[in-house]
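Q: Here is my input, please return the structure:
(chains A, B, C and D)
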2 protein chains.
Amino acid sequence: MVRAPQQRRLETRAKLLAVAADIIASEGIGNLRVEDVVQRAGVAKGTLFSHFKDKDGLLAILVGAQVMQYLDDMDALGAPSSIDSLLNRIEPLLNYIAADRVIFDLLLRYSGSISDHSDEVITAGFYRQIELWANWVAVLQAQGHVRNNHPPALLAEGVQAFMNQVLALRFCQKTPADVPAMSALRPFVMAWLAP
Amino acid sequence: MVRAPQQRRLETRAKLLAVAADIIASEGIGNLRVEDVVQRAGVAKGTLFSHFKDKDGLLAILVGAQVMQYLDDMDALGAPSSIDSLLNRIEPLLNYIAADRVIFDLLLRYSGSISDHSDEVITAGFYRQIELWANWVAVLQAQGHVRNNHPPALLAEGVQAFMNQVLALRFCQKTPADVPAMSALRPFVMAWLAP
DNA sequence: TTGCAAATTTGACCGCGGTCACTAAATAAT
DNA sequence: ATTATTTAGTGACCGCGGTCAAATTTGCAA
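A: This next block holds a predicted model:
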């Protein structure tokens, strides 16, 4: 028999997430240390790991929520009217991930949280993104703006592949940033989606 | 003034690489520990880090050499005669990377070795791969087997993007392996290259 | 041969993520 | 009310990658 978590536990979890978000906002996600989180939250180290599988599990909750926010924003704008318009819709999310390679790695590797609800935020966001883009592609196909000799899901996944490719290349070079990530992405998506 | 490395240093480096390769062969690349390497090589821990930037730097040398070997093999076979033939040429490398996510991460993140020759094996292999594939694509374009409304380099990079996408997805699911990586890759490459 | 400077190696030490046997608190059973 | 049982939290401890001032070895020149 599983028992509902006590309020104390929910408060502890919320406190940990709040503190972590705070540290990330001020120090950057790459400078977040578990010891800092637990110290500022006023709990022991072991407590954190009873709430989250590991450090990445914690980060995934926060990053996943942010990604979901971007997806909400995309969703609210409705289907794009062209490939260029689609790229514009994607841009905020692209820039968010491009801002820090820790985020990129997290999204690519995700190790999962420990929660009973199995709320693997990253995975959920991933599928939602593909679904959303696939819908857009379907609309654009109907309008003749995207080639329709392949299923929307395949094309949507392809867009994600190019996004990851562009980001990975960007994080490989030592010179931080020369051109916006978007201009590297555009030619690929154009060649992939154009009729 | 830079001086050529002494014999002793070359031997130490070779010994470290040999021991590391040995451990990887018997224990797997994910179970390699720095302490084991230096102990079995008969040197102190600090020595390893004076030869390689970090643990990944060491691994990159070995993995990079392996990748180069696959590229040599590809090269020796000459240009493929069709998209399917191209996929067959790629398959060994794909399977090598698919075998262990440590290898995949390494190739995607590479942090670099410390050597003066700046022999960033991974980076070199990366460019060589794109160049090789671009040549193939150009040949296939000339034969009408691949669409020729885009530069070969773009198409080659796209193939790599799809390869990474398929691998990333594969490493995300908990169920180890259902179908060969190749069958996941084929539809993307077909849709990407077909005229 | 001797002395010096550069090159190479050393290993004690550190930071940080993660574990686990134990204590404390909350809830259920008597 | 008292005891038993489950849930939450604790912090000393560990593993392992990585650092650095000091020690050692090597090459070269006087």
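Q: Okay, helices next: where are they in chain A?
A: Taking DSSP state H to define them, one finds helices in chain A at A:7-27, A:34-41, A:45-51, A:55-77, A:83-98, A:101-109, A:121-142, A:152-172, A:181-193.
Q: okay, the ones you listed in TSV with mean neighbour count next?
A: Any C-beta I mention is one placed from the backbone N, CA and C, and that applies to glycine too. As requested, these are arranged in TSV below (neighbours: other Cβ atoms under 10 Å in any protein chain shown):
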stretch	mean neighbour count
helix A:7-27	15
helix A:34-41	16
helix A:45-51	16
helix A:55-77	18
helix A:83-98	18
helix A:101-109	19
helix A:121-142	19
helix A:152-172	20
helix A:181-193	18
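Q: Select, out of the ones you listed, the one closest to B:Lys53.
A: Proximity to B:Lys53 (Cβ to Cβ) singles out helix A:152-172 among the helices of chain A, at 14.8 Å.
Q: okay, the angle between the closest one and helix A:121-142?
A: Counting by axes from the mean of the first three to the mean of the last three Cα atoms, to 10 degrees, helix A:152-172 lies at 120 degrees to helix A:121-142.
Q: check whether helix A:152-172 contacts chain B.
A: Yes. Using Cβ under 8 Å from any Cβ of the partner chain as the criterion, contacts between helix A:152-172 and chain B involve A:Leu154, A:Leu155, A:Glu157, A:Gly158, A:Gln160, A:Ala161, A:Phe162, A:Asn164, A:Gln165, A:Ala168, A:Phe171, A:Cys172.
Q: re earlier: how about the helices of chain A in a markdown table, adding mean pLDDT and distance to B:Ala191?
A: Written out in a markdown table, the entries for these read as follows (pLDDT from 0 to 100; distance: least, Cβ to Cβ, whole Å):
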| stretch | mean pLDDT | distance to B:Ala191 |
| --- | --- | --- |
| helix A:7-27 | 98 | 39 |
| helix A:34-41 | 98 | 44 |
| helix A:45-51 | 98 | 43 |
| helix A:55-77 | 96 | 24 |
| helix A:83-98 | 98 | 16 |
| helix A:101-109 | 92 | 23 |
| helix A:121-142 | 93 | 12 |
| helix A:152-172 | 94 | 6 |
| helix A:181-193 | 97 | 8 |
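Q: Nearest to DNA strand D among those helices would be which one?
A: Of all these, helix A:45-51 sits nearest to DNA strand D, with 1.7 Å by Cβ to the nearest atom of the strand.
Q: which helices and strands does the closest one pack with?
A: helix A:7-27, helix A:34-41 (3 or more Cβ pairs under 8 Å, 6 or more residues apart in numbering or on different chains; DSSP states H and E).
Q: Up against chain B, what does chain A have?
A: Contact residues of chain A with respect to chain B, defined by Cβ under 8 Å from any Cβ, are listed as A:105, A:108-110, A:123, A:149-150, A:154-155, A:157-158, A:160-162, A:164-165, A:168, A:171-172, A:187-188, A:191-192.
Q: of the helices and strands packed on helix A:45-51, which approaches B:Gln69 most closely?
A: Nearest to B:Gln69 among the helices and strands packed on helix A:45-51 is helix A:34-41 (40.3 Å), distances taken as Cβ to Cβ.
Q: how far out from the middle of the chain is the closest one?
A: Offset of helix A:34-41 from its chain centre (Cα atoms, centre = their mean, to the nearest Å): 24 Å.
Q: Return the alpha-carbon coordinates of it using CSV.
A: Extracted C-alpha coordinates of helix A:34-41, given in CSV (Å, rounded to 0.1, in the frame of the first residue of the first chain):
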residue,chain,number,x,y,z
VAL,A,34,24.5,20.0,-4.4
GLU,A,35,26.1,21.1,-1.1
ASP,A,36,25.0,24.7,-1.7
VAL,A,37,21.4,23.7,-2.4
VAL,A,38,21.0,21.6,0.7
GLN,A,39,22.8,24.1,2.9
ARG,A,40,20.6,27.0,1.8
ALA,A,41,17.6,24.8,2.0
